[in-house]
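*Asks:* Model the following, please.
(2 chains)
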There are 2 protein chains.
Amino acid sequence: YAYLKEYVLPYLVNTSSPRFIGHMTSALPSFNYELTDLVLRLNQNLVKVETSKSLVFLERQAMAMLHHAFYDFPESFYTEYAQQSGNSLGITVSGGSLANISALWVARNLLLPPDDIFPGVAQAGLNAALAHYKYKNIVLLGSRLMHYSMKKAVSLLGLGMENIVYVDQDENGKMDIAALERCIEECRQKQWCILALVGIAGATETGNIDPLEEMAEIAKTFNIHFHVDGAWGGPVVFSNRHKHKLKGIEKADSITLCGHKQLYLPQGISFCLFRQPDMVKAISISAAYQAREGGYDFGQYSPEGSRSSLSMCLHAALHLIGKQGYAKLIDNGIDKAQYLTEQLHKTEAFELMREPELNIVNFRYIPIRFRGKQAQGLLTTEDNLQINEANVQLQEMQFQEGRSFFSRTQLSNTRYGKDLPIEVNRAVLANPLTTYQDIDFVLEDQLTIAAKSIENEYPSTKQEISKLAFSLPKPAEQEALLD
Amino acid sequence: YAYLKEYVLPYLVNTSSPRFIGHMTSALPSFNYELTDLVLRLNQNLVKVETSKSLVFLERQAMAMLHHAFYDFPESFYTEYAQQSGNSLGITVSGGSLANISALWVARNLLLPPDDIFPGVAQAGLNAALAHYKYKNIVLLGSRLMHYSMKKAVSLLGLGMENIVYVDQDENGKMDIAALERCIEECRQKQWCILALVGIAGATETGNIDPLEEMAEIAKTFNIHFHVDGAWGGPVVFSNRHKHKLKGIEKADSITLCGHKQLYLPQGISFCLFRQPDMVKAISISAAYQAREGGYDFGQYSPEGSRSSLSMCLHAALHLIGKQGYAKLIDNGIDKAQYLTEQLHKTEAFELMREPELNIVNFRYIPIRFRGKQAQGLLTTEDNLQINEANVQLQEMQFQEGRSFFSRTQLSNTRYGKDLPIEVNRAVLANPLTTYQDIDFVLEDQLTIAAKSIENEYPSTKQEISKLAFSLPKPAEQEALLD
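*Replies:* Residues are numbered from 1 along each chain as shown, chains lettered A, B, ... in the order given. Below you'll find the predicted structure:
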């Protein structure tokens, strides 16, 4: 411990800090700590019933509750399938990346299944499967805002990253439906089969939601597996105020959800829900000593084998936080994003890239010398490259100074065109401890750092700093956010 | 909690029980509990430096210590690479299955790499890669004792499970080197490329170790990726008494290790070590907002993204348990397996299937009416099928009664031939709390259950029960196992 105290602990990141609003890692409700201790001390292994018994059924029940929140099938469906051996409403994995990989693994095996004379892609391999079904290629459809785990998935699954067909976005970052239809038509003409269509429910970088309803219709028409990546935005379904934004998610064949994001669970637990309880059989693999075929053993339906019983935390959270608690968390996060947006509108120092749909806000600092041109919409590519450089420098300095934090990303679909990547701040408003004052603090901190560094290099603008840097208006009064 | 207490907790499996000697889940050293609590409360995310800072370097250091234990490269190697950005001595994943999958993912991408005119399998996909390199097929070589995650790996990676070429074992369960050479020759004639050769260091079912040294030589000769699955047996390297059994593992291109098995860490952390620090680049995938290319961010080299800082437990264990502690744990486990073996030899009620190499023992109960024939080696296939049935029944009853436990598996390479699967008890002697008396207890418990059930169905043998069922000799005195 002495070693830890001296060399390690002082150099961590305070991910729970209300002023660390750059990443998707937040403060957690305290029941997680007690339960995880129990998880550890019991040391059950969810790979099979023989090493976890009742927890298999507890996890299946929690999965059914999640499934119900999205798909809302009748009670009789859950009575029949929630605990039915050989079927599963979803799988639990260590993170969202594996959930996406698993969904596409299932989709691939369902797309190239066994038939009378062919044993299926899982047995015979991708090469033989494409030959048997007379496809010239296999591709994944989705927008450029897809999570990078989709690249991992297509690399792993043997498609190759070149075989992601990126469908254009409209000016709001949502998938362009006409472009999607053109892509599908093109694939059909080329005899390419489509592994899946990916809809994003809360893009990692921007919080954007694809037009899920229309995408679901198209997927149905062309018989394409429709996967929705709800790793970030999935829990919006709990909010009566905002769930309309996810309309169409109930038509997805599979849905990714992350426990450690907006379900406020510890790291190490995420979910892939499947619309039909027999879909998981497409990736079923068994062994003689465990994960016996057709039984309850989870090990047969997952890229993982041994794993802990962290799903106890999900079960507890669905009861302790519940639908109303999650709704409150989601609503507050979106309100804070609106507040941040309003603050950004009030100053020329920042440029908001796009109105946020959820609780992620993209904006950038505009150095003083560019503010006039920016306001008039006259920034050149050269100007933008210089502003990019300033923003990269600024974000890194803010992280180094350690008082506050936004993360940073690159957007390639902005008002400056599709070919010019723009470096932006990315604010993630998910920590319930973050107040409106904290938001102001992080903005002002960035302005202070900008004044000391970037603007200092341009002495001609120095006089303006004191005027502009601290020009943010204060909110009249802090609302009670956690009532 | 009331719910948990009433409906869940009473129905768990006591995986720490010294009499639960059937699976690979054991009691854990207590420092794990404190550290995991810290891991949870700090809630760092190892996907990138921005959410974990110093822990990235702590994990890299622990990885270097593991790497050194197996590969023993000179100090200068570790000085250069342990903390070198863009390289990595291994990757941390949630379990052994993912470690095996990752190793083969790396192997596939290295086997079908980019060249002047081809972007490589990761970009172009398996179909295009096989066509470019003019291979007719791609296969994995290993024995039937390979872990079932290898099936997951070849399904995921697009090879298909039919494209595992199972190399014959000798009568001790080790890979037959002559058979391996024949397989390789055959593949070359058919223009099949070989994804990897898998050596097993402690088979999940039997504890067997393949002839790693000879396999490494052959892999080198034919330029095949040599992967050693040391999920179970890897830590034997810490024991001076037994490490010679792993000779050749230091020539592996990649090695799988499980934290939650014989490293006595919590569930959720395993490792894939790579001989060369640049091998992980073969699966590198980056994103603009994290896992930035060539940096320290772990997210770029792993099938996973977000994950916790459980590697703090590895770092602590390598210091607190250390080489000597692990050696003691390994030595004691193997001693207990020897003790169990001796006990089995002393009675006709059990048949030992094979002398154990490590701490896993396979044996079966022989119903009284078959003991004569078994002793004389006269069991027919029909007899064996009946004995199988009795053993399945017996193992399930023992699990249900809940006092003690062996797991069960099917062996297909026994003295009864390769085509007759034999159902056997599988004892795993890894829990340091298990004493010689506990071993006797579990054996006697099975005999008691057999007497009540199986033998009862054959009244003619009833008289013999009292004589035979409790015929195990007692050890003179219990040794101090945990001194």
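*Asks:* How about residue A:308: what's its closest non-neighbour residue?
*Replies:* residue B:267 (3.6 Å; Cβ to Cβ, 6 or more residues apart in numbering or on different chains). Placement of C-beta: from N, CA and C, glycine included.
*Asks:* Neighbours of the closest residue to chain B within the stretch 101-250 of chain A, how many?
*Replies:* In the stretch 101-250 of chain A, the residue that lies nearest chain B is residue A:158 (2.4 Å; Cβ to the nearest Cβ). The number of residues packed near residue A:158 is 29, by other Cβ atoms under 10 Å in any protein chain shown.
*Asks:* who are the neighbours in contact with the nearest residue to it once chain neighbours are set aside?
*Replies:* Nearest non-adjacent residue to residue A:158, counting by Cβ to Cβ, 6+ apart: residue B:158, 2.4 Å away. The neighbours of residue B:158, taking Cβ atoms under 8 Å, 6 or more residues apart in numbering or on different chains as the test, are A:121, A:125, A:126, A:127, A:157, A:158, A:159, B:125, B:126.
*Asks:* how about the residue of the stretch 101-250 of chain A closest to chain B, secondary structure?
*Replies:* Secondary structure assignment for residue A:158 (DSSP: H, G, I helix; E, B strand; the rest coil): coil.
*Asks:* shouldn't residue A:62 be in contact with residue A:310?
*Replies:* No - contact criterion Cβ atoms under 8 Å: residue A:62 and residue A:310 do not qualify, at 10.6 Å.
*Asks:* Compare these two and say which is more crowded by neighbours.
*Replies:* Neighbour count, other Cβ under 10 Å: between residue A:62 and residue A:310, residue A:310 has more, with 26 against 23.
*Asks:* distance of that one from residue A:316?
*Replies:* 11 Å (Cβ to Cβ, to the nearest Å).
*Asks:* out of the contacts of residue B:158, who's nearest residue A:135?
*Replies:* residue A:126 (10.1 Å; Cβ to Cβ).
*Asks:* Next, the closest one: phi, psi?
*Replies:* Main-chain torsions, residue A:126, degrees, to the nearest 10: phi -70, psi -40.
*Asks:* How far off centre is stretch A:237-248?
*Replies:* 16 Å (Cα atoms, centre = their mean, to the nearest Å).
*Asks:* mind listing what's buried in it?
*Replies:* Of the residues in stretch A:237-248, A:237, A:238, A:239, A:242, A:243, A:245, A:246, A:248 count as buried by neighbour count, 16 or more other Cβ atoms under 10 Å in any protein chain shown.
*Asks:* List the contacts of the last one.
*Replies:* Contacts here follow Cβ under 8 Å, 6+ apart; on that basis residue A:248 touches A:199, A:211, A:212, A:213, A:214, A:215, A:216.
*Asks:* before we move on, what about the third one?
*Replies:* The contact partners of residue A:239, by Cβ under 8 Å, 6+ apart, come to A:326, A:327, A:330, A:331.
*Asks:* who wins for neighbours among these?
*Replies:* When neighbours are taken as other Cβ under 10 Å, the top entry among those is residue A:330 (24 neighbours).
*Asks:* If you drop the residues flanking it in sequence, what lies closest to that residue?
*Replies:* residue A:239 (4.3 Å).
*Asks:* mind checking how far that neighbour is from residue A:82?
*Replies:* With Cβ to Cβ as the criterion, residue A:239 and residue A:82 are 25 Å apart.
*Asks:* what's the residue nearest to residue A:158 sitting at in phi/psi?
*Replies:* phi 90, psi 0.
*Asks:* Same check on the one 10 residues further on?
*Replies:* When read as degrees, to the nearest 10, the backbone of residue B:168 gives phi -60, psi 150.
*Asks:* pretty sure it is touching residue B:177, no?
*Replies:* No - shown here, residue B:168 and residue B:177 do not form a contact pair, counting by Cβ under 8 Å, at 10.1 Å.
*Asks:* Looking at the contacts of residue B:158, which is nearest residue B:24?
*Replies:* residue A:157 (29.1 Å).
*Asks:* quick one, what contacts the closest one?
*Replies:* Per Cβ under 8 Å, 6+ apart, neighbours of residue A:157: A:101, A:104, A:105, A:108, A:126, A:195, B:156, B:157, B:158.
*Asks:* Which single one of those residues is nearest to residue B:280?
*Replies:* residue B:157 (16.3 Å).
*Asks:* Residue A:404 contacts residue A:442, doesn't it?
*Replies:* Yes - with contact defined as Cβ under 8 Å, residue A:404 counts as touching residue A:442 (4.1 Å).
*Asks:* Name the residues contacting each of the two.
*Replies:* A:19, A:21.
*Asks:* Wait, a strand at residue A:172?
*Replies:* No - according to three-state DSSP, residue A:172 belongs to no strand; its state is coil.
*Asks:* The residue nearest to it when sequence neighbours are not counted: what secondary structure?
*Replies:* Distance criterion Cβ to Cβ, 6+ apart; nearest residue to residue A:172, sequence neighbours excluded, is residue A:354 at 6.6 Å. Three-state assignment for residue A:354 (three-state DSSP): coil.
*Asks:* try the one 4 residues further on
*Replies:* When the structure is reduced to helix, strand and coil (three-state DSSP), residue A:358 reads as coil.
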